[in-house]
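S.K.: turn this into a model:
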Amino acid sequence: MIVVDTSAIIAYMNSADRHHADFAEWLAAEQDDLATTPLILAEADHLASAHGGAGAAEALRADLLAGAYLVQWWPEALGASVRVAERYADISLGLADASLVVLAERLETVAIATLDERHFRAVAPLAFGSAFRLLPRDLPAFSPRW
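M.R.: Residues are numbered from 1 along each chain as shown. Below is the predicted model of the structure:
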């Protein structure tokens, strides 16, 4: 299972994004399921609409309806996300990113699809592993174009 950040969703969706080709190539070969939180989807919807217009928002929503991402949220998720965001307030970790840290713990994974190295290199997983594996960047055979 791979946890997916807003930056990965937007890079994949936007063919003009300088990271698009890397994410498209990686996702074409990826076999694991992709999971995220409603907070990330709200961010992605906002960015798709604001920067890509109605067509981008429609494309994102079509992906969601087609089941491109498993969306996870549970009663304790909000409180746990707030606590993680507060723990990392010194690096301005937002609630959406904190929700991914909590989701990774719930799914017992350290794999996060993201471009946000600033946050996810500084934040430690809550229970599994000592560091997050940022995809596709941390794959051994990956040669980023950026």
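
S.K.: any idea of the mean pLDDT in the helix or strand containing Glu25?
M.R.: Assigned by DSSP states H and E, Glu25 belongs to helix 20-29. For helix 20-29, mean pLDDT is 91.

S.K.: please point out which parts of it sit buried.
M.R.: His20, Asp22, Phe23, Trp26, Leu27 (16 or more other Cβ atoms under 10 Å). All C-beta atoms are positioned from the backbone trio N, CA, C, and that covers glycine.

S.K.: now do the first one against Ser7, distance only.
M.R.: Relative to Ser7, His20 is positioned 12 Å away (criterion: Cβ to Cβ, to the nearest Å).

S.K.: can you pull the pLDDT of Leu139?
M.R.: pLDDT, read off for Leu139, is 87.

S.K.: and the nearest residue to it once chain neighbours are set aside, how close does it get to Ser92?
M.R.: Excluding its sequence neighbours, the residue lying closest to Leu139 (Cβ to Cβ, 6 or more residues apart in numbering) is Trp26, at 7.3 Å. Separation of Trp26 from Ser92 (Cβ to Cβ) stands at 27 Å.

S.K.: any stretches of this structure with poor pLDDT?
M.R.: 141-146 (pLDDT under 70).

S.K.: how about the helices in it?
M.R.: Secondary structure of the chain (DSSP state H): helices at 6-13, 20-29, 38-47, 53-65, 77-87, 95-107, 117-120.

S.K.: for Phe128, which of these is the nearest?
M.R.: Closest of the helices of the chain to Phe128 is helix 95-107, at 6.9 Å (criterion: Cβ to Cβ).

S.K.: residue farthest from the centroid of this protein?
M.R.: The outermost residue of the chain relative to its centre, with distances by Cα atoms, centre = their mean, is Ala54 at 22.0 Å.

S.K.: which residues touch that one?
M.R.: Ala54 makes contact with no residue, according to Cβ atoms under 8 Å, 6 or more residues apart in numbering.

S.K.: let's see 10 Å
M.R.: Neighbouring residues of Ala54 by Cβ atoms under 10 Å, 6 or more residues apart in numbering: Ala48.

S.K.: begin at 56 from now on, thanks
M.R.: Sure, I'll start numbering at 56, so the last one becomes Ala109.

S.K.: any idea how far it is from Ala103?
M.R.: Going from Ala109 to Ala103 by Cβ to Cβ gives 9 Å.

S.K.: alright, calling it a day.
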